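*Asks:* pasting the sequence and the predicted model now:
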Number of protein chains: 2
Amino acid sequence: MERKAVSRIPRKKDIAPKQIPYSTIVRLTQYLRVVEKLNDLGISGISSAELCEETRINSFLVRKDLSYFGEFGTRGVGYDIPSLRLELEKILGLTEAHRTVIVGAGNLGTALVHYDGFKEKGFKIVAVFDSDPSKIDKKIGDFVIESVFMLEEYLNTNKDVTIGIIAVPASGAQFIANLLIASGIKGILCFAPIQLMVPDDVVYSAVDLTTYLEIISYYITNPDARRTGDMHY
Amino acid sequence: MERKAVSRIPRKKDIAPKQIPYSTIVRLTQYLRVVEKLNDLGISGISSAELCEETRINSFLVRKDLSYFGEFGTRGVGYDIPSLRLELEKILGLTEAHRTVIVGAGNLGTALVHYDGFKEKGFKIVAVFDSDPSKIDKKIGDFVIESVFMLEEYLNTNKDVTIGIIAVPASGAQFIANLLIASGIKGILCFAPIQLMVPDDVVYSAVDLTTYLEIISYYITNPDARRTGDMHY
DNA sequence: CTATGTGAAGAACTTCACAGCT
DNA sequence: AGCTGTGAAGTTCTTCACATAG
């Protein structure tokens, strides 16, 4: 069975000195989104109460989340938007672009290649792969589609690629994941509706579209069930 | 500012008698995924410990999650897969298909139309809309793309549509959402990287691809940070 | 003897209240 | 005077231990 508390000694608290909740990280991305928007509008400062209005995240929680990482505000004043933005980018590791490959050049892969948000937010797509011979050497935007059989070699000669996006059907997803993992990729974002086996040192996130619809279905069917703000991710 | 505890009397506990965690609902979809898979393989039963192996969700939690909704297992034996599957489908409101419209026939919309998972899992796409005149009357799979200006009328004459998927650029997303809301849609899944204003009685979930990558970036940059199993959604 | 279901204990997370700067 | 930062209180969620049922 799962990890069994054998000696009853090492409680979680003992192992982990000062952990940051996962939900805090998710919220940081929301603060960043607001701060980017206001920065573009030329607004220079914001208070936790205003951030609350923009995000619907309680202002206490806004301050607590930020305080895990430092003291970014000025008491009596609030947060300076350019510097808060920079701090958030530093925390999230966005100060330099993550070089990213996309595997799978179907409709989803194509949509991802064309998605402007990635470039803007510091995820630089560097190559696109597919297994379908009829697609290879065709172009998507500025990219020439390469064979998945070249993926391993590509990653071995381009060690600075940190993230792989898997946009292939479920049947091929684990194979691709294994290639990525073997080449030392650090993060994987998978759109195939399958639970991948990924070692603990690779950061792995799955986006299963069916799951989102099923969750929506639950809350439609059970309108009285509480929905926390957490729903949006 | 946000809701302020005025009279200090009604604590949350008093208002909410027996709440089911959002994370429980997310996990139910994972149990369903496993049970579907094993059912297809012809396996008839599963214990909470085996479900734990498949999902990496603690077996205590598996049992607790299921017990919110009833007693589906047999002590000393485990869970019968066909009946557990049915129960999960009932809980999640999947026993009859949700009629679903997709708005936005770009690459993402096209990918969604072609995505087999939806049909299989009981989300029946019934129509596809776009604002680009050059796309209207073109076909995606079996669907003829209709003008967004027909969306309102379509929904008013097809009141059984419960879910709308928004796959348009951020600039048009709120407009589309307003049409869907005005027509009495029950659930919205939005792929545009924007926070929509949606009334409380409409179930709303947002999938922001950038957010997922930013979260991955954080955990790549901070390898010692704890990652809970919760990451996969 | 095995595996579920659940009250109770424990951990994690959020909210609060106010001290502390500006 | 105003807003942040944070220890403490409060709440929610998870883990545990064991009674219970087959």
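*Replies:* Alright, I've got the coordinates. Residues are numbered from 1 along each chain as shown, chains lettered A, B, ... in the order given.
*Asks:* list the buried ones in stretch A:69-88?
*Replies:* Across stretch A:69-88, burial judged by 16 or more other CB atoms under 10 Å in any protein chain shown covers A:Phe72, A:Gly73, A:Gly78, A:Tyr79, A:Asp80, A:Ile81, A:Leu84, A:Arg85, A:Glu87, A:Leu88. For glycine as for every other residue, the C-beta is placed from the backbone atoms N, C-alpha and C.
*Asks:* among the residues you listed, which are located in helices?
*Replies:* Counting by DSSP state H, the buried residues of stretch A:69-88 place A:Ile81, A:Leu84, A:Arg85, A:Glu87, A:Leu88 in helices.
*Asks:* out of the residues you listed, which comes closest to A:Ala182?
*Replies:* When these are ranked by distance to A:Ala182 (CB to CB), A:Leu88 comes first, at 33.1 Å.
*Asks:* show the contacting residues for that closest one.
*Replies:* Each residue near A:Leu88 by CB atoms under 8 Å, 6 or more residues apart in numbering or on different chains is listed here: A:Leu28, A:Tyr31, A:Leu32, A:Val35, A:Leu94.
*Asks:* could you rerun that using 6 Å?
*Replies:* Residues near A:Leu88 by CB atoms under 6 Å, 6 or more residues apart in numbering or on different chains: A:Leu28, A:Leu32.
*Asks:* please see if the lengthiest helix in chain A touches chain B.
*Replies:* Counting residues, the longest helix found in chain A (DSSP H) is helix A:22-40. Yes: using CB under 6 Å from any CB of the partner chain, helix A:22-40 comes into contact with chain B via A:Tyr22, A:Ile25, A:Thr29.
*Asks:* and the very next helix or strand once past that helix, what does it pack against?
*Replies:* The element immediately downstream of helix A:22-40 (helix or strand, assigned by DSSP states H and E) is strand A:45-46. Counting contacts by 3 or more CB pairs under 6 Å, 6 or more residues apart in numbering or on different chains; DSSP states H and E, strand A:45-46 is packed against strand A:78-80.
*Asks:* direction included, what does the strand it packs on pair against?
*Replies:* Sheet pairing here is set by DSSP bridges, and for strand A:78-80 it gives strand A:45-46 (antiparallel), strand A:73-74 (antiparallel).
*Asks:* so how far is stretch A:73-87 from its chain's centroid?
*Replies:* Taking CA atoms, centre = their mean, to the nearest Å, one finds the center of stretch A:73-87 at 24 Å from the center of the full chain.
*Asks:* what residues does stretch A:190-206 touch?
*Replies:* A:108, A:166-167, A:170, A:173-174, A:177, A:181, A:187-189, A:207-208, A:210, B:117, B:212, B:216, B:219-220, B:231-232.
*Asks:* repeat the analysis, applying 7 Å as the threshold.
*Replies:* Applying CB atoms under 7 Å, 6 or more residues apart in numbering or on different chains, the contact partners of stretch A:190-206 are A:108, A:166-170, A:173-174, A:177, A:181, A:185-189, A:207-208, A:210, B:117, B:212, B:215-216, B:219-220, B:231-232.
*Asks:* walk me through the domains of chain A.
*Replies:* What the record gives for chain A is the domain set A:22-90, A:98-211, from automatic domain parsing.
*Asks:* now do the end-to-end distance for the last one.
*Replies:* Right, the one you point to is domain A:98-211. 27 Å (CA to CA, to the nearest Å).
*Asks:* next: the shortest one.
*Replies:* Distance between the two ends of domain A:22-90: 17 Å, counting by CA to CA.
*Asks:* could you give the mean pLDDT of it?
*Replies:* On average, the pLDDT along domain A:22-90 is 97.
*Asks:* do a quick rundown of the helices in chain A.
*Replies:* With DSSP H as the criterion, chain A has helices at A:12-15, A:22-40, A:48-55, A:59-67, A:81-91, A:107-114, A:116-120, A:151-157, A:170-182, A:209-221.
*Asks:* quick check: the closest residue in space to A:Cys190 that isn't next to it in sequence vs DNA strand D, distance?
*Replies:* Counting by CB to CB, 6 or more residues apart in numbering or on different chains, A:Cys190 lies nearest to A:Ile166, which is 4.3 Å off, once chain neighbours are set aside. Noted for A:Ile166: a distance of 26 Å to DNA strand D, by CB to the nearest atom of the strand, to the nearest Å.
*Asks:* cool, A:Ala170 as well?
*Replies:* Counting by CB to the nearest atom of the strand, the gap from A:Ala170 to DNA strand D is 26 Å.
*Asks:* cool, and A:Arg56?
*Replies:* 16 Å.
*Asks:* check A:Phe175 too.
*Replies:* For A:Phe175, the distance to DNA strand D (CB to the nearest atom of the strand) stands at 31 Å.
*Asks:* burial count for that residue?
*Replies:* 14 (other CB atoms under 10 Å in any protein chain shown).
*Asks:* once you drop chain neighbours, what's closest to A:Asp65?
*Replies:* Nearest residue to A:Asp65, sequence neighbours excluded (CB to CB, 6+ apart): A:Thr24, at 4.7 Å.
*Asks:* kindly apply the preceding question to A:Ile20 instead.
*Replies:* The spatial neighbour of A:Ile20 that comes closest, neighbours along the chain excluded (CB to CB, 6+ apart), is A:Tyr68 at 5.1 Å.
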